[in-house]
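1. got a structure for you, letters missing:
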């Protein structure tokens, strides 16, 4: 059984966010999005808020404050209290937006809201992981924000390069081009960073 530590809860939340399949809702109506997708993402945001609030409580305790102070310069960029408060505020803002979703809303806009909320969750978890791991004396496991950003940029550059290489299509080249496009889309959808692409781009693919 997995130990119930903040570090483990953080990693589980991150993984759960990555498992949310936005593309599944590309062709569904607003009723399905508002009753199935939005509540799932809202619950994940609530979990993220609870975790950062727990971090604040731990940091403000005498033992936690002392331990963080010893190694703050080496491991934590910025005060952990400030990181947690900022993360909690961003998650709360997205949560409130999702709570306003109704069956009468625009399905595509709601899917976009959910995608933005999931990215905010991932950023927040990445931001608070260093102080969490410092408190619990465990190694960090999440990919770093800079690493993720660079990987996403490479994915976009690859898609754009592929698009420009197609050139003018003719009856003689169309079939081969379509086969290549299908392969390229499959690679993009199966990549680790697909969930971090903009919602419109995910749905277009």
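-> Everything's here; your move. Fair warning: this is a prediction, and the values are worked out from it, not measured in the lab.

2. could you list the domains of the chain?
-> What automatic domain parsing lists as the domains of the chain is 6-142, 144-205.

3. where among these is average confidence lowest?
-> Mean pLDDT values for the domains of the chain show the minimum at domain 144-205, a mean of 61.

4. which residues touch residue 136?
-> Residue 136 is in contact with 5, 6, 7, counting by Cβ atoms under 8 Å, 6 or more residues apart in numbering. Just so you know, the C-beta spots here come from the backbone N, C-alpha and C atoms, and that holds for glycine as well.

5. which of those residues are buried?
-> Among those, those scoring as buried are 6, 7 (criterion: 16 or more other Cβ atoms under 10 Å).

6. okay, the contacts of residue 136 in TSV with secondary structure next?
-> TSV is the format used below for those (DSSP: H, G, I helix; E, B strand; the rest coil):
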residue	secondary structure
5	coil
6	helix
7	helix
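
7. which one among the contacts of residue 136 gets closest to residue 36?
-> Relative to residue 36, the closest of the contacts of residue 136 is residue 6; by Cβ to Cβ it sits at 29.0 Å.

8. check which helix or strand covers the nearest residue to that closest one once chain neighbours are set aside.
-> Spatially, and ignoring its direct neighbours in sequence, residue 6 is nearest to residue 132 (4.8 Å; Cβ to Cβ, 6 or more residues apart in numbering). Using DSSP states H and E, residue 132 sits in helix 107-136.

9. any buried residues in that helix, and which?
-> In helix 107-136, counting by 16+ other Cβ under 10 Å, buried: 107, 110-135.

10. other SSEs contacting the host helix or strand of residue 8?
-> Element membership for residue 8 (DSSP H and E) is helix 6-19. Applying 3 or more Cβ pairs under 8 Å, 6 or more residues apart in numbering; DSSP states H and E, one finds that helix 6-19 contacts helix 38-60, helix 107-136.

11. so what touches the first one?
-> The list of residues contacting helix 38-60 from outside it, by Cβ under 8 Å, 6+ apart, reads 6, 9-10, 13, 16-17, 20, 64-65, 68, 80-81, 84-85, 87-88, 91-92, 94-95, 98-99, 101, 110, 113-114, 117-118, 120-121, 124-125, 128, 131-132, 135.

12. run the last query once more with 6 Å
-> Residues outside helix 38-60 that contact it (Cβ atoms under 6 Å, 6 or more residues apart in numbering): 9, 13, 16-17, 64, 68, 80-81, 84, 87-88, 91, 94-95, 98, 101, 114, 117, 121, 124, 128, 132, 135.

13. could I get the contacts of residue 136 as JSON lines with distance to residue 28?
-> Shown next, in JSON lines, are these (distance: Cβ to Cβ, whole Å):
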{"residue": "5", "distance to residue 28": "37"}
{"residue": "6", "distance to residue 28": "35"}
{"residue": "7", "distance to residue 28": "35"}
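
14. residue contacts, the residue nearest to residue 6?
-> Counted by Cβ under 6 Å, 6+ apart, residue 132 has contacts 6, 7, 10, 55.

15. ok, those vs residue 143, which is closest?
-> Taking Cβ to Cβ as the measure, residue 143 sits nearest to residue 10 out of those, at 12.8 Å.

16. if I look at the closest one, how far off is residue 125?
-> 5 Å (Cβ to Cβ, to the nearest Å).
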